[in-house]
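[1] Sequence and computational prediction follow.
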Amino acid sequence: MAAPAFDPGEFPISELGPKIKDIEDLEELEALLEAEQAGEARAGAIALIESRIEKFSGDDAEEPGELDPSELSLAEIGNAVKEIDDPERLEALLEEEEAGEDRDAAKRLINQRLDSVSGSDEEEVEIDTRSPEEKHPELNHPTADKRHVRALEDGTYGDMWVYCETQQGELIDVSREMLGKARELMDGYVEEYGDEEAVVAVLIGDDVARLADECIAYGADRVVYQEDPKLDRFRHKPYTEVFCDMARADYDWKAYDEPRYVLFPATNNGRDLSAQVQAELDSGLASDCSGLYIENTVISNPVKVGAAGEKKEFERVLHMKRPDFSGFEYSTILCLDNPTREFHPQGGSVIPGSFEVPDPDPERAGETTEHTTDLDDEWFRVEVVDHDVVEGGVDLTDHEVIVCLGRGIGDDPTRGMELGLELTNQFADADLGITRGIVTSSYEFDGHVEQYAKEERQIGETGQVVAPTLYIAAGVSGAIQHKVGMDESDTIVAINTDPDADIRDFSDYFIEGDLFEVLPALIDSLEAGELKLPVAADGGSVAETGGDDA
């Protein structure tokens, strides 16, 4: 064998990697390996040279573990290690990275994969199932005697329950929306899984039994209700106790311990009740959802499957989509069991306006069950001694046209508001909305327009959800929270000085320009009955639109 080009023992491992990374001659590499083995015989150096040899050793050269990390970006390393299941190859790769670029992020990617595959030999994750009282007997636990959580073991679950909120004695629209969506989901559930499970509407209040037929018409198979004069207005303690007692009750038709799924409206009262109920039932909650679907999903998280490197398929999982905290993406929330705990019902609260209100079917048949929970006086410790009913308010949901103003009016807030109002006046059925950015801003408005900057006109996740025929967004950036509130509009026209504004991605027409120049031009065009403005349609090239119906 030829003599090595240099003595590898003269170089520390951190320098040896860069020294050999350009050597592609197999005989020269083998000579270096023999020299190292005859000299200091460092395990890391030997692995480094062997890894380089394997890269050029015939048929094995294309195997996923044979790669030089110094030639790869972090993204390429992340993709490459996903295909490597051999811990020894990953360890060699890690040593090569340490000897070469020594990038913390690269080493973290390799170590994560190494941890994953090293635990694939049925290694059990030790999960401490003791209660907090058992773990820490030296501490004083004021909650030790609480009995509101009754966790189930090997429980049985079924049906989708929908809490139907009422106001002033009538169902609110989001209750109808949820019933329609629940009907759609459970019809698909039957097709997918072959099991007939029902939509169960829940009514709690005073004089609510008369709404049972309406719930059935909108999609419920069964209605469970409790009415009592004490329940005439929402209070979280009695409503929570009644709902949970219903969920655990042993009705003739209920052959399961607790509901499989539960939906609540993401209203003030619905958010309150949903958190209380799910805690009481020892489960989780996805709040403020705008999308729902049911399907199987494969999970490898050891906390959920009980063993590192294992994968488990969870069946009939309710996927609950909601805007994430970044404000620009959606997250899908899953409520999955742990090896030692069951998390049912899978529950979420639904943003009003997320789904269509279905057409009611008065011919639908269903069953009605009256529930009778003894109402403990202790649940009514909080007494409402007086209240006012706010008459009127601003409802933007039934207009053909909505003009919405955003932070783009900041250069002259009062003038911007005036222009928005002038534009709405050009349509027979229009109103003015605003973004949360205006509600939370410190803009100063003159008195004649100040009333239009209040929260009651806010459109978005925490405001109103609208779906007009025409939606004109002026100076609106298009954060996901706002998109939730207007995305179902038939035609969306956006006006913004920023050609890369997020709203462009979901607008039908985008006008690049200053709203203080564009809105007056729109107003003049509408008055004249002819519109000619340069716009970028559907994200394409700039085009001219015009005509009597423009």
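    Received, thanks.
[2] Tell me the buried residues in the lengthiest helix in the chain?
    Among the elements of the chain assigned as helix by DSSP state H, the one spanning the most residues is helix 173-193. For helix 173-193, burial by neighbour count (16 or more other C-beta atoms under 10 Å) applies to 174-186, 189. For glycine as for every other residue, the C-beta is placed from the backbone atoms N, C-alpha and C.
[3] go on, stretch 441-461?
    Applying 16+ other C-beta under 10 Å to stretch 441-461 flags Y443, F445, V449, Y452, A453, E456, R457, Q458, I459, G460, E461 as buried.
[4] So what would you say the end-to-end distance of it is?
    Separation of the first and last residues of stretch 441-461 by C-alpha to C-alpha, to the nearest Å is 17 Å.
[5] again with stretch 348-368
    24 Å.
[6] Low-confidence stretches in the stretch 451-550 of the chain?
    531-550 (pLDDT under 70).
[7] Could you work out the most separated pair of the buried residues of stretch 441-461?
    V449 and E461 (25.0 Å; C-beta to C-beta).
[8] Counting neighbours, what do you get for L396?
    L396 has 22 neighbours, counted by other C-beta atoms under 10 Å.
[9] quick revisit: any chance of a markdown table for the buried residues of helix 173-193, columns pLDDT and distance to D386?
    Listed next are these as a markdown table, based on pLDDT from 0 to 100; distance: C-beta to C-beta, whole Å:
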| residue | pLDDT | distance to D386 |
| --- | --- | --- |
| V174 | 90 | 28 |
| S175 | 95 | 27 |
| R176 | 95 | 31 |
| E177 | 93 | 32 |
| M178 | 96 | 32 |
| L179 | 97 | 34 |
| G180 | 96 | 37 |
| K181 | 96 | 37 |
| A182 | 96 | 37 |
| R183 | 96 | 40 |
| E184 | 95 | 42 |
| L185 | 95 | 42 |
| M186 | 95 | 42 |
| Y189 | 93 | 46 |
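[10] Adding distance to I333, write those residues out as JSON lines.
    Listed next are those as JSON lines, based on distance: C-beta to C-beta, whole Å:
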{"residue": "V174", "distance to I333": "19"}
{"residue": "S175", "distance to I333": "22"}
{"residue": "R176", "distance to I333": "24"}
{"residue": "E177", "distance to I333": "19"}
{"residue": "M178", "distance to I333": "17"}
{"residue": "L179", "distance to I333": "21"}
{"residue": "G180", "distance to I333": "21"}
{"residue": "K181", "distance to I333": "16"}
{"residue": "A182", "distance to I333": "17"}
{"residue": "R183", "distance to I333": "22"}
{"residue": "E184", "distance to I333": "19"}
{"residue": "L185", "distance to I333": "16"}
{"residue": "M186", "distance to I333": "20"}
{"residue": "Y189", "distance to I333": "19"}
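[11] Closest one of the residues you listed to M417?
    V174 (29.5 Å).
[12] Now do the helix or strand M160 falls within: which elements does it pack against?
    According to DSSP states H and E, M160 maps onto strand 157-163. Secondary-structure packing of strand 157-163 (3 or more C-beta pairs under 8 Å, 6 or more residues apart in numbering; DSSP states H and E): helix 173-193, strand 199-205, strand 258-265, helix 268-280.
[13] With only the CA atoms kept, save that strand in PDB.
    This file holds the C-alpha atoms of strand 157-163, laid out as PDB (Å, rounded to 0.1, in the frame of the first residue of the first chain):
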ATOM      1  CA  TYR A 157     -67.300   7.700  23.800                       C
ATOM      2  CA  GLY A 158     -69.800   8.500  21.100                       C
ATOM      3  CA  ASP A 159     -71.700  11.300  19.300                       C
ATOM      4  CA  MET A 160     -70.900  14.900  18.700                       C
ATOM      5  CA  TRP A 161     -72.500  17.300  21.200                       C
ATOM      6  CA  VAL A 162     -73.200  20.900  20.300                       C
ATOM      7  CA  TYR A 163     -73.800  23.600  22.900                       C
END
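[14] what's the angle between that strand and helix 268-280?
    Here strand 157-163 runs at an angle of 150 degrees relative to helix 268-280 (axes from the mean of the first three to the mean of the last three C-alpha atoms, to 10 degrees).
[15] what's the nearest residue to E170 if we skip its chain neighbours?
    Leaving out its chain neighbours, the residue that sits closest to E170 by C-beta to C-beta, 6 or more residues apart in numbering is L211, at 7.5 Å.
[16] go on, R381?
    Nearest one to R381, counting by C-beta to C-beta, 6+ apart, is K237 at 7.8 Å.
[17] report the angle between the axes of the helix or strand encompassing that neighbour and helix 268-280?
    K237 is part of helix 236-248 when elements are defined by DSSP H and E. For helix 236-248 against helix 268-280, the angle by the same axes, to 10 degrees is 60 degrees.
[18] outside of helix 236-248, which residues touch it?
    Here helix 236-248 makes contact (C-beta atoms under 8 Å, 6 or more residues apart in numbering) with 150, 161, 163, 202, 204, 224, 226, 230-231, 257-259, 262, 272-273, 276-277, 280-281, 345, 371, 373, 375-376, 379-382.
[19] in it, what's buried?
    Per 16+ other C-beta under 10 Å, helix 236-248 contains these buried residues: P238, Y239, T240, E241, V242, F243, C244, M246, A247.
[20] Distance check, the fourth one against H371.
    In this structure, E241 and H371 are separated by 11 Å, where distance is defined by C-beta to C-beta, to the nearest Å.
[21] For Y443, which non-adjacent residue is closest in space?
    Per C-beta to C-beta, 6+ apart, closest to Y443 is P413, 4.0 Å.
[22] Touching, the one you found and F445? I think so.
    Yes: contact criterion C-beta atoms under 8 Å: P413 and F445 qualify, at 5.5 Å.
[23] what residues do the two have in common as contacts?
    Common contacts of P413 and F445 (C-beta under 8 Å, 6+ apart): A453.
[24] residues near E280, how many?
    When neighbours are counted by other C-beta under 10 Å, E280 comes out with 18.
[25] switch to numbering from 29
    That works, and once the first residue is 29, the last one we named lands at E308.
[26] Output the helix holding K265 as PDB, nothing but the C-alphas.
    Extracted in PDB, the C-alpha atoms of helix 264-276 (Å, rounded to 0.1, in the frame of the first residue of the first chain):
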ATOM      1  CA  HIS A 264     -70.600  29.700  34.500                       C
ATOM      2  CA  LYS A 265     -71.000  27.500  37.600                       C
ATOM      3  CA  PRO A 266     -74.600  26.200  37.200                       C
ATOM      4  CA  TYR A 267     -74.200  26.000  33.400                       C
ATOM      5  CA  THR A 268     -71.000  23.900  33.700                       C
ATOM      6  CA  GLU A 269     -72.500  21.600  36.300                       C
ATOM      7  CA  VAL A 270     -75.700  21.000  34.200                       C
ATOM      8  CA  PHE A 271     -73.700  20.400  31.000                       C
ATOM      9  CA  CYS A 272     -71.300  18.000  32.600                       C
ATOM     10  CA  ASP A 273     -74.100  16.100  34.400                       C
ATOM     11  CA  MET A 274     -75.800  15.700  31.000                       C
ATOM     12  CA  ALA A 275     -72.500  14.500  29.400                       C
ATOM     13  CA  ARG A 276     -72.200  11.800  32.100                       C
END
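[27] Could you tell me the average pLDDT over that helix, please?
    Averaged across helix 264-276, pLDDT comes to 95.
[28] And for stretch 340-352?
    88.
[29] to the chain's geometric centre, what's the distance from that stretch?
    10 Å (C-alpha atoms, centre = their mean, to the nearest Å).
[30] what does that stretch rub up against?
    217, 221, 288-289, 314-328, 332-333, 357-365, 374, 376, 489, 508-509, 512.
[31] ok, 6 Å please
    289, 314, 316-317, 319-322, 324-327, 333, 358-362, 364, 374, 376, 489, 508-509, 512 (C-beta atoms under 6 Å, 6 or more residues apart in numbering).
[32] How about stretch 520-529?
    With C-beta under 6 Å, 6+ apart, stretch 520-529 has contacts from 499-502, 505-506, 531, 535-540, 542-543, 546.
[33] which of these sit farthest apart?
    D536 and D542 (20.7 Å).
[34] Count the residues that sit near N297.
    N297 - counted by other C-beta under 10 Å - has 19 other residues nearby.
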